[in-house]
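Visitor: A structural model of the following input is requested.
(one chain, ligands or ions: 2)
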Amino acid sequence: MDTEILSPDGSGYARAESVLRDGGLVSFPTETVYGLGADARQDRAVARIFEAKNRPTFNPLIVHVADVAATKRYVKWTDMADRLAAAFWPGPLTLVLPLRDDSGLSPLVTANLPTLAIRVPEHPVAQALLSEFDGPVAAPSANPSGKISPTRAQHVINGLSGRIEAVVDGGECGVGVESTILGLFDEPTLLRPGGLPQEAIEAALGGPVVTRSEADPLTAPGQMLSHYAPGAAVRLNAVEIVEGERLLGFGKVEGATLNLSVAGDLTEAAANLFHHLHALDADGDAPIAVSPIPETGLGRAINDRLRRAAAPRDV
Ligand code: TXA
Ligand code: MG
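Guide: Ligands and ions are numbered 1, 2, ... in the order given. Modelled structure (predicted):
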């Protein structure tokens, strides 16, 4: 199949809508990363997401909808959800809530869990596409399983061309790391650090969120240890480089091949992270050393992704 590149305009959205309606796959930009979308009500369409990405097991997917009202058709709503939605939607936050019995979603979306991960993205192209489609769109990041997430249409083409019907080219993603996933269980629980800092959530709730360790089975079930992996080996917290290494810098460091943010700005670093990893990946397999990144704000999401990029690959 030839993958069509669609422009973010009326005819592009109309084409994308008809591909989705017919059970096809359309990649589209969100403010975090490019997603690989399918109609979340069609089993075959959702199954094709796993096929195209080569996702080894049926990990649950995030459902994307255009507005808060639409989320209530799929999940059992709570007061805490209300507060978080008012503060942060549309935006880079995914909420995990109990699935409604009458959701009509394919069980593949939730991997048969009684909960659903759902979000309202802010990116104008995602918003336009979701409004045009007027239905739930299941969308993981649009990269082959285990590889670096895409923040530009070209990254999607490089990884999935010929395996998906279309990609809407909406330029670069502003945030650059995936959404923060918060489980609204007995206590609000951080399942994945992401584009919305934990500190912002705690400020909105007026209290702490619980964090889960990697070993805990309640952690986002699809969180593989090795993920976002470039071909080259990755070494973290490098204060100096070893002969033959390339340095992915942060802050004012000498000899960086690429720098996430010379100014030491975490927002800029998040936006550059996957793009720089793609660029280093395309440019040989000399090992990559990465400067230390502070474990605060967006730094938590950046370090989470880097730890996975550096993890052993033997899975
Ligand atoms: O920013 C994002 O969230 C991007 C864009 C495209 O929206 N999407 C994304 O999807 O990162 P994906 O599939 O790469 O990551 C989804 C994560 C997985 O780790 C999965 O295990 C977790 O969400 N997840 C999905 N449903 C869940 C559920 N019911 N309970 C707990 N975790 C869930
Ligand atoms: Mg992903």
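
Visitor: Tell me if residue 182 really is in a helix.
Guide: No - counting by DSSP: H, G, I helix; E, B strand; the rest coil, one finds residue 182 to be strand, located in no helix.

Visitor: pLDDT score for the spatially closest residue to residue 153 that is not a sequence neighbour?
Guide: Nearest non-adjacent residue to residue 153, counting by Cβ to Cβ, 6 or more residues apart in numbering: residue 169, 3.9 Å away. Just so you know, the C-beta spots here come from the backbone N, C-alpha and C atoms, and that holds for glycine as well. If you check residue 169, the pLDDT there is 98.

Visitor: I figured residue 169 hits residue 3, correct?
Guide: No - applying Cβ atoms under 8 Å as the test, residue 169 and residue 3 come out as separate, 11.3 Å apart.

Visitor: thinking again about what came up before, quick one: the residue nearest to residue 153 and ligand 1, what's the gap?
Guide: For residue 169, the distance to ligand 1 equals 15 Å [Cβ to the nearest ligand atom, to the nearest Å].

Visitor: Next, the residue lying closest to residue 228 once chain neighbours are set aside: secondary structure please.
Guide: Of all residues not flanking residue 228 in the chain, residue 309 sits nearest, at 4.5 Å (Cβ to Cβ, 6+ apart). Put simply, residue 309 is helix when judged by three-state DSSP.

Visitor: Quick one: residues contacting residue 309.
Guide: 148, 227-230, 234, 277 (Cβ atoms under 8 Å, 6 or more residues apart in numbering).

Visitor: any chance of those residues in a markdown table, with pLDDT and secondary structure too?
Guide: Shown next, in a markdown table, are the contacts of residue 309 (pLDDT from 0 to 100; DSSP: H, G, I helix; E, B strand; the rest coil):
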| residue | pLDDT | secondary structure |
| --- | --- | --- |
| 148 | 95 | coil |
| 227 | 77 | coil |
| 228 | 79 | coil |
| 229 | 84 | coil |
| 230 | 90 | coil |
| 234 | 96 | strand |
| 277 | 95 | helix |
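
Visitor: contacting residues for the residue nearest the centre of the chain?
Guide: Nearest to the geometric centre of the chain sits residue 178, at 3.2 Å (Cα atoms, centre = their mean). By Cβ under 8 Å, 6+ apart, residue 178 lies in contact with 32-33, 92, 141, 149, 192, 194-195, 301.

Visitor: helix/strand/coil for it?
Guide: Following three-state DSSP, we place residue 178 in the coil state.

Visitor: how near is it to residue 18?
Guide: Residue 178 sits 28 Å away from residue 18, going by Cβ to Cβ, to the nearest Å.

Visitor: and the gap between residue 226 and residue 249?
Guide: Per Cβ to Cβ, residue 226 is found 24 Å from residue 249.

Visitor: let me fix that: residue 113
Guide: For residue 113, the distance to residue 249 (Cβ to Cβ) stands at 40 Å.

Visitor: what do you get for residue 229?
Guide: Using Cβ to Cβ, we find residue 229 at a distance of 20 Å from residue 249.

Visitor: Specify which residue of these two has the higher count of neighbours.
Guide: Legend: neighbour count by other Cβ atoms under 10 Å for residue 229 and residue 249, higher for residue 249 (23 against 20).

Visitor: give the contact list for the closest residue to the more buried one other than its chain neighbours.
Guide: Excluding the flanking residues, the one nearest residue 249 by Cβ to Cβ, 6+ apart is residue 256, at 3.0 Å. Residues in contact with residue 256 (Cβ under 8 Å, 6+ apart) are 247-249, 291.

Visitor: what does the model give residue 256 for pLDDT?
Guide: pLDDT, residue 256: 97.

Visitor: Contacts only, for residue 193.
Guide: Residues near residue 193 by Cβ under 8 Å, 6+ apart: 180, 300-301, 304.
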